[in-house]
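Colleague: Fold the stuff below for me.
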Amino acid sequence: MINRILVALLGIPILMFIYSKGGIYLLVLTNVIVGIGMHEFYKMSEVINIKPYKNLGLLTGILIPNILYFLGMDYVFAIITIFLITILGIRVINNQIEDTAQDIGTSILGVIYGSLLFSHILLFQNLENGGKWLIATQIMVWLCDSAAYFVGMSIGRKFFKEGFSIISPKKSKEGAIGGILFTILGILLINNIFKLSDNNLAIIILGFFVSLVAQIGDLAESMFKRCFKTKDSSRILGEHGGILDRFDSMIFVVPVAYYILKIFLN
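Modeller: The predicted model follows:
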């Protein structure tokens, strides 16, 4: 418990500082999260004897945020295309057939899930008040997670018996609904205080989809861990688990929040 508190006390202020400053600080953070997160993902997959192209995948994953930051999104898709063709070419040259789909699929999934999705965080800098929106997005994720937990503990499985027990025994549909409602109320309150937008309908849409996708991200990572037969993605953060355990929701939320903000509010 002490470890969890210390990580939170140190991590949250640093994270808020980086989000507000953006620029090279945000790029460094993105590289760290992408590099460690992808390493965790590939390492978990190896537990069940999948053989991803780990080194090439990690190289591609690290290139993505840097190319995005300095050159733009068009070049990101180019590097992903090159990566896919390269690993397929290696397979063909080595005349390999067995487990091709799972090895190639896991390799490319690691790049998309571990790097491409989260690297969208760098695009917030192109938005008006991008730093404030990024902080608001992170707060929504934390609020959704807390609300879903407490609502689930209070009334979970009293209305919807099945919940999400196969993927995560503690997740309930009541908790999911509570997370959505409290996230929408939370972003409306945040917007009222900081005056980020006059478009309340867009704010509600943002809150709804952020909370929905945050929970999908959380459950998706639980699904991967169950598939790979592991409890935590790693122990790099002690009792908090690994990078994927801490940023599983943000990985999915960042691109969704960015595109909603770009379409409706900028």
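
Colleague: Residue 54: neighbour count?
Modeller: The number of residues packed near residue 54 is 18, by other CB atoms under 10 Å. Every C-beta, even on glycine, is put in place using the N, C-alpha and C of the backbone.

Colleague: Contacts only, for it.
Modeller: Going by CB atoms under 8 Å, 6 or more residues apart in numbering, residue 54 touches 39, 42, 107.

Colleague: One more pass at 7 Å, please.
Modeller: Contacts for residue 54 (CB atoms under 7 Å, 6 or more residues apart in numbering) come out as residue 42.

Colleague: Against residue 167, how distant is it?
Modeller: Noted for residue 54: a distance of 26 Å to residue 167, by CB to CB, to the nearest Å.

Colleague: how about the helix or strand hosting residue 148: buried residues?
Modeller: Using DSSP states H and E, residue 148 sits in helix 130-155. Neighbour counts over helix 130-155 (16 or more other CB atoms under 10 Å) mark 130-138, 140-141, 143-145, 147-149, 151-152 as buried.

Colleague: what's the answer for stretch 44-62, then?
Modeller: So for stretch 44-62, counting by 16+ other CB under 10 Å, buried means 44-45, 50, 52-54, 57-58, 60-62.

Colleague: where does residue 188 land on pLDDT?
Modeller: Residue 188 carries a pLDDT value of 97.

Colleague: For the nearest residue to it once chain neighbours are set aside, pull up the helix or strand it's in.
Modeller: Taking CB to CB, 6 or more residues apart in numbering, and ignoring the residues beside it in sequence, residue 188 has residue 203 as its nearest neighbour in space, at 6.0 Å. Under the criterion of DSSP H and E, residue 203 resides in helix 200-227.

Colleague: Give the next helix or strand downstream of that helix.
Modeller: Downstream of helix 200-227, the next assigned helix or strand under DSSP H and E is helix 243-260.

Colleague: so where's the stretch 101-250 of the chain uncertain?
Modeller: The model of the stretch 101-250 of the chain has pLDDT under 70 over residues 156-161, 163, 165.

Colleague: What ranges does the stretch 1-150 of the chain have for its helices?
Modeller: 2-21, 23-46, 54-70, 73-93, 100-111, 117-119, 130-155 (DSSP state H, counting those that start in this stretch).

Colleague: List just the one of these that sits closest to residue 171.
Modeller: Distance to residue 171, taken as CB to CB, is lowest for helix 130-155 among these, at 6.8 Å.

Colleague: Now do the phi/psi pair for the residue lying farthest from the centre of the chain.
Modeller: In the chain, the residue that sits farthest from the middle, by CA atoms, centre = their mean, is residue 95; the gap is 35.6 Å. When quoted as degrees, to the nearest 10, the phi and psi of residue 95 stand at phi 60, psi 40.

Colleague: separation between it and residue 102?
Modeller: On the measure of CB to CB, residue 95 and residue 102 end up 18 Å apart.

Colleague: now residue 35
Modeller: Here the criterion is CB to CB. By it, residue 35 lies 23 Å from residue 102.

Colleague: from memory the residue nearest to residue 188 sits against residue 190, does it?
Modeller: No. Using CB atoms under 7 Å, residue 203 is not in contact with residue 190, being 8.8 Å away.
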